[in-house]
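Student: Requesting a structural model of the entry that follows:
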Amino acid sequence: MSQAEKQTLGFQTEVKQLLHLMVHALYSNREIFLRELISNASDACDKLRFQAIAHPALLEEDPELRVRISFDEKAGTLTLEDNGIGMDREDVIANLGTIARSGTAEFMKQLTGDQKKDSHLIGQFGVGFYSAFIVADEVTVETRKAGAALADAVRWTSKGDGEFTVESIERAPRGTRITLQLKEDASEFANGWRLRNIIHKYSDHIGLPIQLQKDVEVDSEGEQASAVEWETINKANALWTRSKSDIKEEEYKEFYKHVAHDFEDPLDWSHNKVEGKQEYTSLLYVPKRAPFDLYHREAPRGLKLYVQRVFILDNAEQFLPLYLRFIKGVVDSSDLPLNISREILQQNPQIDSMKTALTKRVLSLLEKMAEDKEKYQGFWKEFGQVLKEGPGEDYANRERIAGLLRFSSTSENEQSVSLADYVSRMKEGQDKIYYLVGESLAQVKSSPHLEVFRKKGIEVLLLTDRIDEWLMSHLNEFDGKSFVDVARGDLDLGALDSEEDKKAQEQASETKKDLLERIKKSLEERVSEVRVSTRLTDSPAVLVIGAGDLGVQMRKILEAAGQKAPDSKPILEINPGHPLIERLEAEQQEGRFGELALLLCDQAALAAGESLEDPGQFVQRLNRLLLELSSH
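Tutor: Numbers count the residues shown, from 1 in each chain. Just a heads-up that it's a prediction; the model follows:
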């Protein structure tokens with residue numbers, strides 16, 4: 001046999017690591033290997049069914065698609081065979097020797113060595129074929145691609161020890177046969193009763209026949225006495241086409257694991273049939289955990305698309321907006337043409353109508369889930385930041401998405417405060433929703449911007465996710481109440497401010513006019529304005545963002561993307577009654593006044609979570625002040 005026909009190749013490094021981790025992390029639930037292999041075989045048949053619409057000859061003389069499972073207890077082997085699309089040599093090397101998926105390196109970094117945690121991650125990654133090595137010492141794959149010559153078939157063999165061989169063979173049947181040489185302690189999987197139970201448990205929902213070899217009679221010399229007979233084990237009708245009342249909860253859960261390639265149960269789901277002008281069925285799932293590549297926007301996403309129960313596309317992203325990219329499931333249309341493609345999907349007005357309806361269905365599912373606070377907190381922890389992309393992407397549903405958002409606040413540290421909660425707790429006369437954006441909960445909780453709100457007992461939302469400033473630029477109001485950033489522009493508390501407070505502020509602005517001008521002159525390179533604050537009760541000064549200027553978060557996002565943020569200077573607000581401000585006002589020496597003013601400004605910048613342009617200068621000024629104090 002020539003070198004071109006037989007090769008020994010090494011697994012990709014990530015595959016080696018994954019094989020080792022998977023065999024150990026999933027050892028306690030070994031039977032799932034069969035579910036994964038059946039799921040892959042089902043997908044291969046779905047792909048052939050779709051391609052055969054345009055190219056019927058691909059079905060050759062074998063149009064009835066199926067998965068067959070046989071076993072040999074004496075030899076300790078288990079064989080799974082499908083008559084689906086099959087693979088050529090290039091497909092085999094690419095699919096069975098490498099993991100060609102974005103974010104693989106990041107996924108590997110997340111693995112901890114903790115078997116329980118890693119099993120969740122491995123499940124999210126979707127490594128179906130490699131699960132065979134949980135129970136097998138050696139795996140052999142023989143396959144011929146639909147439409148290829150008999151002599152173009154391929155055999156792949158590996159013991160999962162770092163390398164595999166690929167050789168050319170002749171094979172009449174189209175599709176793929178996987179033979180597992182079972183480990184000594186996995187002999188249970190060469191037993192008809194055991195296999196039947198696993199198929200019922202995990203794969204009843206598969207929409208094509210899964211046939212199991214019937215127990216074979218043997219003669220007195222141990223030879224097979226009759227030809228192999230096959231028995232269809234599963235219901236073999238697509239789960240989503242059945243009536244909801246006929247489907248058990250466990251069936252919904254197992255179908256999710258098949259469609260999402262996840263090892264965990266879903267958090268929730270919605271099964272719905274639409275009739276009338278448009279006819280389609282959808283089965284949508286909310287996963288329990290975020291996939292490792294959730295924030296890779298180029299990662300595969302979307303629903304499985306079927307047309308009249310024929311599989312069309314694996315990741316049809318046109319049916320849901322990007323901020324709902326975590327949703328898994330299927331949509332089966334009775335109206336779309338069988339030969340529809342991704343390109344046609346993008347231009348089809350029916351798709352826009354379905355997308356609108358499916359988006360509303362997901363939002364309804366999340367609203368219902370939110371009634372269970374603990375359950376929704378689990379969802380929010382995993383997917384909250386993605387949902388925050390919604391108001392900027394989906395104007396039509398902005399108010400509904402806003403109702404699903406959760407925040408920390410001055411009343412609650414956990415991100416569990418809904419906007420409806422906040423509004424229900426608003427003080428009499430309050431007509432605005434107040435919020436503060438910062439780098440961390442500790443930083444925003446101690447911010448000087450909150451002082452007047454604490455004094456008056458007004459709740460403030462505390463926003464610390466990187467996306468929050470961008471989010472708030474797309475939320476104008478909720479329940480008729482406008483949003484106010486307490487660190488931006490003039491702070492107007494409206495009816496919550498007493499007439500006495502307003503008069504005191506006006507009077508202070510007038511009496512401190514000279515001091516404000518002196519500070520402005522000393523800090524003209526650093527600030528755009530100096531004024532008396534309505535925000536402060538305890539701190540000497542605070543920096544305020546101009547009404548139309550970018551905040552710290554947005555500046556950092558732009559800089560991280562290599563873009564220059566527009567130049568702007570903050571406003572410095574002072575607390576005229578604070579001892580440090582009184583000491584500053586009393587300073588007659590201009591040089592020393594300037595030093596103290598700069599210290600005050602740097603101190604305010606640090607309190608606002610900003611980094612200083614010249615920390616060294618700040619330290620030197622502070623040291624000089626400390627030395628002066630120690631000499632008195």
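Student: Surely Lys273 forms part of a helix?
Tutor: No - counting by DSSP: H, G, I helix; E, B strand; the rest coil, Lys273 is located in no helix; its state is strand.
Student: Give me the three-state assignment for the closest residue to it other than its chain neighbours.
Tutor: Once flanking residues are discounted, Lys273 sits nearest to Thr281: 4.7 Å by CB to CB, 6 or more residues apart in numbering. All C-beta atoms are positioned from the backbone trio N, CA, C, and that covers glycine. Judged by three-state DSSP, the three-state class of Thr281 is strand.
Student: beta partners for Thr281?
Tutor: When assigned by DSSP bridges, Thr281 has beta-bridge partners Lys273, Asp332.
Student: That one touches Arg242, doesn't it?
Tutor: No - Thr281 lies out of contact with Arg242 (CB atoms under 8 Å); the separation is 9.9 Å.
Student: the more surrounded of the two?
Tutor: Neighbour totals were compared for Thr281 and Arg242, and Thr281 leads with 20 against 15 (other CB atoms under 10 Å).
Student: and the more buried one, what is it in contact with?
Tutor: Trp240, Thr241, His271, Asn272, Lys273, Val274, Val331, Asp332 (CB atoms under 8 Å, 6 or more residues apart in numbering).
Student: Pipe these into TSV and attach distance to Glu73 and pLDDT per row.
Tutor: TSV is the format used below for the contacts of Thr281 (distance: CB to CB, whole Å; pLDDT from 0 to 100):
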residue	distance to Glu73	pLDDT
Trp240	37	93
Thr241	37	91
His271	40	97
Asn272	45	96
Lys273	45	94
Val274	49	93
Val331	43	95
Asp332	40	93
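Student: From those, pick the one nearest Lys253.
Tutor: Among the contacts of Thr281, His271 lies closest to Lys253 (CB to CB), at 12.5 Å.
Student: The spatially closest residue to that closest one that is not a sequence neighbour and Asn40, how far apart?
Tutor: Spatially, and ignoring its direct neighbours in sequence, His271 is nearest to Leu283 (4.9 Å; CB to CB, 6+ apart). Distance, Leu283 to Asn40, by CB to CB, to the nearest Å: 20 Å.
Student: Compare the two and say which is more crowded by neighbours.
Tutor: Taking other CB under 10 Å, Leu283 and Asn40 do not tie; Leu283 has more neighbours (26 against 21).
Student: just checking, the more buried one touches Leu239?
Tutor: Yes - between Leu283 and Leu239 there is a contact at 7.3 Å, judged by CB under 8 Å.
Student: Common neighbours of these two, please.
Tutor: Taking CB under 8 Å, 6+ apart as the criterion, Leu283 and Leu239 both touch Tyr252, Phe255.
Student: Give me the below-cutoff pLDDT ranges for the stretch 201-350 of the chain.
Tutor: For the stretch 201-350 of the chain, applying pLDDT under 70 flags the ranges 215-226, 297.
Student: all strands for it, in order.
Tutor: Secondary structure of the stretch 201-350 of the chain (DSSP state E, counting those that start in this stretch): strands at 210-213, 230-232, 268-274, 280-286, 303-307, 310-316, 328-333.
Student: Pull out the buried residues from stretch 579-597.
Tutor: Within stretch 579-597, the residues scored as buried using 16 or more other CB atoms under 10 Å are Leu580, Ile581, Leu584, Phe593, Gly594, Glu595, Leu596, Ala597.
Student: who's in contact with the fifth one?
Tutor: Contacts of Gly594 were listed using CB under 8 Å, 6+ apart, and they are Ser522.
Student: swap the cut-off to 10 Å and go again
Tutor: Neighbour list for Gly594: Arg518, Ile519, Lys521, Ser522, Leu523, Glu587, Arg621 [criterion: CB atoms under 10 Å, 6 or more residues apart in numbering].
Student: Regarding it, which helix or strand does it belong to?
Tutor: helix 590-607 (DSSP states H and E).
Student: Pull out the buried positions in the very next helix or strand once past that helix.
Tutor: Sequence order places helix 615-631 as the next helix or strand after helix 590-607, per DSSP H and E. Within helix 615-631, the residues that qualify as buried by neighbour count (16+ other CB under 10 Å) are Phe618, Arg621.
Student: what packs against helix 615-631?
Tutor: helix 590-607 (3 or more CB pairs under 10 Å, 6 or more residues apart in numbering; DSSP states H and E).
Student: and the helix it packs on, what's its mean pLDDT?
Tutor: What helix 590-607 shows for mean pLDDT is 89.
Student: between it and helix 615-631, what angle do the directions make?
Tutor: 120 degrees (axes from the mean of the first three to the mean of the last three CA atoms, to 10 degrees).
Student: gap between the helix holding Gly594 and the chain center?
Tutor: Counting by CA atoms, centre = their mean, to the nearest Å, helix 590-607 is centred 44 Å from the centre of its parent chain.
Student: CA atoms of that helix as PDB?
Tutor: The C-alpha atoms that make up helix 590-607 are tabulated as PDB, following Å, rounded to 0.1, in the frame of the first residue of the first chain:
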ATOM      1  CA  GLU A 590      -0.400  81.100  45.100                       C
ATOM      2  CA  GLY A 591       2.200  78.400  44.500                       C
ATOM      3  CA  ARG A 592       1.000  76.400  47.500                       C
ATOM      4  CA  PHE A 593      -2.600  77.100  46.600                       C
ATOM      5  CA  GLY A 594      -1.900  75.500  43.200                       C
ATOM      6  CA  GLU A 595      -0.300  72.500  44.800                       C
ATOM      7  CA  LEU A 596      -3.300  71.900  47.100                       C
ATOM      8  CA  ALA A 597      -5.700  72.400  44.200                       C
ATOM      9  CA  LEU A 598      -3.900  69.800  42.100                       C
ATOM     10  CA  LEU A 599      -4.000  67.400  45.100                       C
ATOM     11  CA  LEU A 600      -7.700  68.000  45.400                       C
ATOM     12  CA  CYS A 601      -8.300  67.300  41.700                       C
ATOM     13  CA  ASP A 602      -6.200  64.100  41.800                       C
ATOM     14  CA  GLN A 603      -8.000  62.900  44.900                       C
ATOM     15  CA  ALA A 604     -11.300  63.400  43.100                       C
ATOM     16  CA  ALA A 605     -10.100  61.600  40.000                       C
ATOM     17  CA  LEU A 606      -9.100  58.500  42.100                       C
ATOM     18  CA  ALA A 607     -12.400  58.500  43.900                       C
END
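Student: What residues does Leu366 make contact with?
Tutor: Applying CB under 10 Å, 6+ apart, the residues contacting Leu366 are 268, 270, 286, 324, 327, 376, 379-380, 383, 387, 400-401, 403-404.
Student: What is the nearest of these to Thr157?
Tutor: Ranked by distance to Thr157 (CB to CB), those are led by Ile327 at 38.9 Å.
Student: does the closest one really touch Lys304, like I thought?
Tutor: No - using CB atoms under 10 Å, Ile327 is not in contact with Lys304, being 11.6 Å away.
Student: between those two, what contacts are shared?
Tutor: Joint contacts of Ile327 and Lys304 (CB under 10 Å, 6+ apart) are Ala260.
Student: When the two are compared, which one has more neighbours?
Tutor: Ile327 (25 against 22).
Student: Beyond the strand or helix carrying Leu365, next helix or strand please.
Tutor: If you go by DSSP H and E, Leu365 is part of helix 349-369. Using DSSP H and E, the next helix or strand after helix 349-369 towards the C-terminus is helix 373-387.
Student: Cheers, nothing more for now.
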